[in-house]
Every structure is written in C-alpha cells, then in structure tokens.
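Student: Sequence and predicted structure are below.
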Amino acid sequence: MNAAARPAPVPTEATQPFWDATAQGILLVQRCGACRRVQSIPRPFCRHCGAESPQWERSTGLGRIYTFAVNHRAANAHMADKLPYVVAVVELDEGARLMANIVDVAPDCVRIGDRVQVRFLRMGDGLCLPQFAPTGAT
C-alpha cells in the first residue's frame, strides 16, 4: 500500500502529543483530572466540565465498532484502489470515540459491536494513522 500518497493529518498544538504517540505505536486519549471523563478530540480544556489541561493517558487500543459506513466512492485519489472500504466510529474501551478505517476484514463482514484493536499505518513525515482491525472476539 502506498501510504505516502494518502492525505496526511496536520498536527496542531493541541493534537501534537497524540500524533507523537502514534508514531511510536501508542494510542492516547485525554482524561479530565476533575471529572475523570475522556474526550475524543484533543483540546486544552475538558468538553464535559470545562476544567483546563486534561491529561494524556495510554489507551489499550481496544474497542467496539459504534457505527460504520462502507464507502463505494473514494474520498481521495489514494483510496480509489481500496474500494470498497470501511470508515467507522470506534468506541474505545476507555470511552473515547475515534473515526478510522477498519482494515483486514471484508467490508460485508463488518458489524456494529464488533471488537477491534488499533493498527498503525505509517505515513510520510513520521506520522502514523490509527486504523482498526478485528480482534476475533465478539
């Protein structure tokens, strides 16, 4: 797979720790020190209670498919030879939800509730993109 041609995320100050960790094969989530809830999109404050400076913590990288779609039209030129492909919202065991591709499984075999685990697609410039594959457990 030619991952270098795939459009890459652009890290921001708020997301840089997340992308630095993925480059090391680690998936992070933010947890609020005040209310202890997790949030999916990195921010300098808790989206639940407004407390400042949520802390990063390592995720197990395990979760379930919350919802998904099978794409039959490519979102970009890189994905054209991957049709059809699955884009899903994965609810991590920690409670955060991430949007990612589901890989290593036929699209017609993907089901809501399937257990998945993170895989990292190495991209150019040291970035790694989290994707998810079935664990074999239901």
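Tutor: Nice, thanks for sending it over. Just so you know, these numbers come straight off a predicted model, no measurement behind them.
Student: just the strands in the protein please.
Tutor: 28-31, 38-39, 55-58, 62-71, 85-92, 97-102, 115-122, 128-134 (DSSP state E).
Student: Can you tell me which of those has the worst average pLDDT?
Tutor: Of all the strands of the chain, mean pLDDT reaches its minimum on strand 38-39 (a mean of 93).
Student: now for it, which elements pack on it?
Tutor: strand 28-31 (3 or more C-beta pairs under 8 Å, 6 or more residues apart in numbering; DSSP states H and E). For every residue, glycine as well, the C-beta is placed using N, CA and C.
Student: tell me what the strand it packs on is packed against?
Tutor: Using 3+ C-beta pairs under 8 Å, 6+ apart, strand 28-31 sits against helix 16-22, strand 38-39, strand 55-58.
Student: Name the residues linked to Arg122 by a beta bridge.
Tutor: Beta-bridge partners recorded for Arg122 (DSSP bridges): Cys128.
Student: isn't it right up against Gly25?
Tutor: No. In this structure Arg122 lies outside contact range of Gly25 using C-beta atoms under 8 Å: 9.6 Å.
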